[in-house]
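Enquirer: What follows is a protein structure lacking sequence information:
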DNA sequence: AAGGCTAAGTCTACTTGACAGACTTAGCAA
DNA sequence: TTGCTAAGTCTGTCAAGTAGACTTAGCCTT
């Protein structure tokens, strides 16, 4: 099979665009902790294990790109500091994190089972990602998906 | 909010484990092309833009980790070569790719719209990722999800 | 059999990024 | 005024990524 996609320009792919923002080594771990409710530099540093400078750069980058925003806070008897909170743009990356975690649980998990499970806040039931189509079908595999050129597709010269 | 997760060991996180396999710079682009049906070294190289040696290393790594497998083929009048095909383990990463693409389409897309759309092979309708819970609710946001310690959770010393 | 072509790499020199560990700064506290 | 802590920055070192030239194996033509 030689895909029709070979005729289209891979440079415009939004996966590459997304990766240019979140594809750096520590970024996902920072986001993971952000979703876990970690907001402070030091907690981040301890939990991700990222070198402080790298963490500093990544946080700044994520703030720059609008995935996190800085909120000043002040503990009693302390100077004012900043904490980092997810914006909508950041929160919208949640499915990526969930997908990675699901895959990791399936293929890289220790025998004892996953260390973290996601539950529905309202009913407590397990949360999962599903591939569905607009007609309401649930797809079981990537094999049920056909990629097609979208409105922004551009042929290669 | 200081999350209970601070008491648990981040090192065992399966996101990190997943990233240690697929978190390198070019890996997702290689997988993207694999899902697009690209199987041959040269097509991969042209479409991802990865330097040949890097591509060579990534493909070898992905084969090593069992996400791709090599299948020999032979074009008429050519010597035998290998093509790279996704295994089940590789195919199971599809949700990650879809999630990245969806996010990229929303936040990094050019005005003209997404270059690629995913459709259900059987009915042709748009394919999307949904967060659902085991009770059948569809969740609209990461805010509706509560992470909890799973069976494999381990407290930090 | 000599020369040429192509796929799939390897090799080399250069550049960028990651890293540990020391240093800096601002505010509070004794 | 000295010390302490959070949240960084600075510095020198070392690993990884990169472009582009080079290599190897098989096949084809003459």
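Expert: That came through, no problem. Everything numeric in this text was worked out from a predicted model, so none of it was measured.
Enquirer: got a list of contacts for stretch A:27-46?
Expert: The contact list for stretch A:27-46 (CB atoms under 8 Å, 6 or more residues apart in numbering or on different chains) reads A:21-22, A:47-50, A:52, A:55-56, A:58-59, A:61-62, A:67-68, A:81-86, A:90, A:93-94, A:96-97, A:100, B:1-3, B:5-6, B:10, B:13, B:15-16, B:19, B:23, B:142, B:147. Quick note: C-beta positions are derived from backbone N, CA and C, even for glycine.
Enquirer: quick one: buried residues of it?
Expert: For stretch A:27-46, the neighbour count (16 or more other CB atoms under 10 Å in any protein chain shown) marks A:27-39, A:41, A:43-45 as buried.
Enquirer: show me which of those neighbour DNA strand D.
Expert: For DNA strand D, the contacts drawn from the buried residues of stretch A:27-46 by CB under 7 Å from any atom of the strand are residue A:41.
Enquirer: rewinding a little: among the contacts of stretch A:27-46, which ones are in helices?
Expert: Among those, DSSP state H puts A:21-22, A:47-48, A:52, A:55-56, A:58-59, A:61-62, A:90, A:94, A:96-97, A:100, B:15-16, B:19 in helices.
Enquirer: Next to DNA strand C in this structure, residues from chain A, please.
Expert: Selection of chain A residues close to DNA strand C by CB under 7 Å from any atom of the strand yields A:24-26, A:50-54, A:57, A:77-80.
Enquirer: Just give the nearest non-adjacent residue to residue A:126, would you?
Expert: residue B:134 (4.4 Å; CB to CB, 6 or more residues apart in numbering or on different chains).
Enquirer: I'd say the one you found and residue A:124 touch.
Expert: No. Counting by CB atoms under 8 Å, residue B:134 does not reach residue A:124; the two are 9.5 Å apart.
Enquirer: about what we covered before: now, of the contacts of stretch A:27-46, which are buried?
Expert: Buried by 16+ other CB under 10 Å: A:21-22, A:47-48, A:50, A:55, A:58-59, A:61-62, A:67-68, A:83-84, A:86, A:90, A:93-94, A:96-97, A:100, B:3, B:5, B:10, B:13, B:15-16, B:19, B:23, B:142, B:147, out of these.
Enquirer: just to revisit the earlier point, cross-check the ones in helices among the contacts of stretch A:27-46 against DNA strand D and keep the overlap.
Expert: Residues of these in contact with DNA strand D (CB under 7 Å from any atom of the strand): A:52, A:56, A:59.
Enquirer: Format those as CSV; extra columns: pLDDT.
Expert: Output for those, formatted as CSV (pLDDT from 0 to 100):
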residue, pLDDT
A:52, 90
A:56, 92
A:59, 94
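Enquirer: Can you tell me what sits against the helix or strand harbouring residue A:102?
Expert: According to DSSP states H and E, residue A:102 maps onto helix A:94-107. Applying CB under 8 Å, 6+ apart, the contact partners of helix A:94-107 are A:22, A:28, A:31-32, A:35, A:114, A:116, A:118, A:127-129, B:13-19, B:89, B:92-93, B:95-96, B:98-100, B:102-103, B:129, B:131, B:141-142, B:145.
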